[in-house]
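Undergrad: My questions concern the predicted model and sequence given below.
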Amino acid sequence: MKFNSKIQLSFMMFLEFFIWGAWFVTLGTFLGTNLQAKDSEISLAFSTQSFGAIIAPFIIGIIADRYFNAEKILGIIHVIGGVLMFWLYQTSDFSMFFPILLAYMILFMPTLALVNSISFNQMSNPEKEFSVIRVWGTVGWIAAGILISFLGWDSQEGLSQGLLKNTLLMASITSIVLGFFSFSLPKTPPKGKLSGEFEVSKALGLDALSLLKHRNFAIFFISSILICIPLAFYYQNTSPFLTEIGLSNSTGKMAFGQVSEVLFMLLLPVFFSKFGVKKTLIVAMLAWAIRYFLFAFGDVDSGVWMLLLGIALHGICYDFFFVSGQIYTDSHAGEKYKSSAQGMITLATYGVGMLIGFWIAGLISENYADMAGNHDWKSIWLIPSGISVLVLLFFISLFKEEKNISPN
């Protein structure tokens with residue numbers, strides 16, 4: 001891959017995940033403090049990510065794999081997204097906030113598959129090259145979290161002044177910047193232009209579902225859905241949890257998870273090639289179970305190390321499952337379905353799995369909350385820990401090791 005392409009793709013990843021990390025991490029806290037939203041409403045807001053992810057494969061299947069260059073679609077989406085995010089910044093009522101957020105996430109979630117598709121298109125060996133590019137997305141997420149805490153938007157004083165809404169403005173500006181930058185990215189033309197008679201299944205990218213005929217891929221697909229149920233607890237509950245128990249600079253400390261993500265992203269190619277896809281995914285799911293167990297028994301005094309270790313495990317949880325899964329998916333997808341296959345796995349993880357997870361997390365959070373809004377966090381966190389163990393046992397029993405994973 002050319003050096004200029006590496007720089008462009010790295011900056012693309014940085015901005016992509018800076019935008020997401022700028023507002024998503026603190027969304028639960030923002031909704032509770034600025035808009036006085038209930039746990040069920042917060043759960044509904046987070047579910048917009050899942051609705052977007054479910055729709056994403058259809059957008060990618062229709063457009064990116066069939067008709068228009070992926071980098072142009074990415075640019076248009078982010079410019080429109082920046083406008084919607086600015087609208088959210090000006091909104092002070094949840095009933096108005098929710099539909100705008102839903103529209104934004106329907107646009108944003110396909111970009112996760114698009115940036116992967118644009119990157120993979122420039123690589124001859126994604127197994128070794130992708131992690132070096134993708135790590136800059138993690139750096140972007142870290143930068144957003146550290147900046148929020150540095151500016152004091154998530155401090156008790158900042159929360160009382162309603163400063164957390166500035167995260168939406170920051171995301172809006174960055175989204176527009178990425179939108180215009182995207183038009184300068186390496187050209188990524190559609191690989192699977194339709195020929196002959198129009199077929200709805202091909203136009204929607206549903207032909208990528210043929211990958212599920214492969215038994216191992218089907219087990220991986222199902223496991224991806226199931227493991228994202230406990231993952232939803234992390235995204236939805238961690239910021240309110242740390243804020244409620246009184247951990248200072250919680251957003252900055254949550255960025256430790258992305259710092260570890262950088263480390264394990266760089267270690268991933270070595271681990272992946274030495275131990276194979278099955279062991280890599282097993283380590284990820286085991287780390288999930290341990291993380292929630294640490295959250296259940298940690299506190300801001302003598303148990304603060306458990307909280308920080310649980311946050312730091314995010315690197316293994318995310319890299320060893322999601323990035324490995326993206327590489328594994330790419331290895332099974334042919335040239336014709338690279339974008340739609342990435343969109344399909346986005347549907348499984350951020351879509352179906354996390355939609356179920358956000359719904360369950362919302363119900364459990366309300367069930368373990370008292371009249372004053374305080375939560376029994378120990379009971380809440382032990383539930384996703386147990387779910388992670390069950391998914392791990394399912395995967396270990398049914399997934400067969402594959403050797404020589406390499407892109408098609």
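TA: Cool, the structure landed. Numbers count the residues shown, from 1 in each chain.
Undergrad: where do the helices sit along the stretch 201-350 of the chain?
TA: For the stretch 201-350 of the chain, the helices defined by DSSP state H, counting those that start in this stretch cover 215-244, 250-254, 256-297, 304-312, 314-318, 324-332, 338-346.
Undergrad: Just send those helices back as a markdown table, with mean pLDDT and distance to A37 too.
TA: The way it works is simple: take the backbone N, C-alpha and C, and place the C-beta from them, glycine included. Shown next, in a markdown table, are these (pLDDT from 0 to 100; distance: least, Cβ to Cβ, whole Å):
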| stretch | mean pLDDT | distance to A37 |
| --- | --- | --- |
| helix 215-244 | 90 | 11 |
| helix 250-254 | 84 | 18 |
| helix 256-297 | 86 | 22 |
| helix 304-312 | 93 | 24 |
| helix 314-318 | 85 | 25 |
| helix 324-332 | 80 | 32 |
| helix 338-346 | 70 | 26 |
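Undergrad: which phi and psi does A369 have?
TA: Main-chain torsions, A369, degrees, to the nearest 10: phi -120, psi 140.
Undergrad: How many residues are close by the closest residue to it other than its chain neighbours?
TA: Spatial nearest neighbour of A369, excluding adjacent residues (Cβ to Cβ, 6 or more residues apart in numbering): H375 at 5.0 Å. Using other Cβ atoms under 10 Å, H375 is surrounded by 21 other residues.
Undergrad: cool, and I118?
TA: 28.
Undergrad: hmm, back to that, kindly list the main-chain dihedrals of the residue nearest to A369?
TA: phi -120, psi 150.
Undergrad: L242 is in contact with that one, correct?
TA: No. If you go by Cβ atoms under 8 Å, H375 and L242 don't touch, sitting 11.9 Å apart.
Undergrad: And for N69, the neighbour number?
TA: 18.
Undergrad: any idea how far I80 is from I73?
TA: 11 Å (Cβ to Cβ, to the nearest Å).
Undergrad: again, but for V389
TA: From V389 to I80 the distance is 42 Å (Cβ to Cβ).
Undergrad: Same question for K187.
TA: Where I80 is concerned, K187 sits at a distance of 21 Å (Cβ to Cβ).
Undergrad: Which one's more surrounded, the two?
TA: More crowded of K187 and I80, by other Cβ under 10 Å: I80, with 17 against 11.
Undergrad: Surely that one touches L107?
TA: Yes. At 6.1 Å, I80 counts as touching L107 under the criterion of Cβ under 8 Å.
Undergrad: mind showing which ranges of this structure have poor pLDDT?
TA: 1, 56-66, 127, 191-207, 334-340, 342-343, 403-408 (pLDDT under 70).
Undergrad: Can you tell me which residue is spatially central in it?
TA: The centroid of the chain falls nearest to Y350 when counting by Cα atoms, centre = their mean (6.5 Å).
Undergrad: show me the residues around it that make contact.
TA: 49-50, 52-53, 56, 109, 112, 228 (Cβ atoms under 8 Å, 6 or more residues apart in numbering).
Undergrad: Next: A284.
TA: 316-321, 324.
Undergrad: separation between the residue nearest to the centre of the chain and F30?
TA: Separation of Y350 from F30 (Cβ to Cβ): 20 Å.
Undergrad: Grab the nearest non-local neighbour of L178.
TA: L15 is the one closest to L178 (Cβ to Cβ, 6+ apart), at 4.0 Å.
Undergrad: An error on my part: the question was meant for I229.
TA: G357 is the one closest to I229 (Cβ to Cβ, 6+ apart), at 4.0 Å.
Undergrad: ok, the closest residue to D93 other than its chain neighbours - how many residues close by?
TA: Nearest residue to D93, sequence neighbours excluded (Cβ to Cβ, 6+ apart): L35, at 7.0 Å. For L35, the neighbour count with other Cβ under 10 Å is 20.
Undergrad: Could you write out the alpha-carbon coordinates of stretch 144-164 in CSV?
TA: Listed next in CSV are the C-alpha coordinates belonging to stretch 144-164 (Å, rounded to 0.1, in the frame of the first residue of the first chain):
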residue,chain,number,x,y,z
ALA,A,144,-12.2,12.6,22.2
GLY,A,145,-12.5,11.1,25.7
ILE,A,146,-9.4,12.9,27.0
LEU,A,147,-10.5,16.2,25.5
ILE,A,148,-14.0,16.0,27.1
SER,A,149,-12.4,15.4,30.6
PHE,A,150,-9.7,18.0,30.0
LEU,A,151,-12.3,20.6,29.2
GLY,A,152,-14.3,19.6,32.3
TRP,A,153,-17.5,18.9,30.4
ASP,A,154,-18.1,15.7,32.4
SER,A,155,-17.1,17.1,35.8
GLN,A,156,-19.7,17.7,38.5
GLU,A,157,-19.4,21.4,37.8
GLY,A,158,-19.6,20.9,34.0
LEU,A,159,-22.7,18.6,34.4
SER,A,160,-24.4,21.2,36.6
GLN,A,161,-23.8,23.8,33.9
GLY,A,162,-25.1,21.6,31.1
LEU,A,163,-21.7,21.7,29.3
LEU,A,164,-21.9,18.1,28.2
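Undergrad: Show me which residues of it are buried.
TA: Within stretch 144-164, the residues that qualify as buried are 144-149, 153-155, 158-159, 163-164, counting by 16 or more other Cβ atoms under 10 Å.
Undergrad: which one of those residues is nearest T174?
TA: Set against T174, the nearest of these by Cβ to Cβ is A144 (8.5 Å).
Undergrad: In contact with that closest one: list those residues for me.
TA: With Cβ under 8 Å, 6+ apart, A144 has these contacts: 17-19, 21-22, 25, 170, 255.
Undergrad: tell me which element it falls in.
TA: Per DSSP states H and E, A144 falls inside helix 126-150.
Undergrad: now that helix against helix 256-297, angle please.
TA: Helix 126-150 and helix 256-297 are oriented at 70 degrees to each other (axes from the mean of the first three to the mean of the last three Cα atoms, to 10 degrees).
Undergrad: now helix 126-150 against helix 324-332, angle please.
TA: 150 degrees.
Undergrad: ok now whichever helix or strand comes after helix 126-150, how far from the chain's centre?
TA: Using DSSP H and E, the helix or strand that follows helix 126-150 in sequence is helix 156-160. Remark: helix 156-160 is offset 27 Å from the chain centroid, using Cα atoms, centre = their mean, to the nearest Å.
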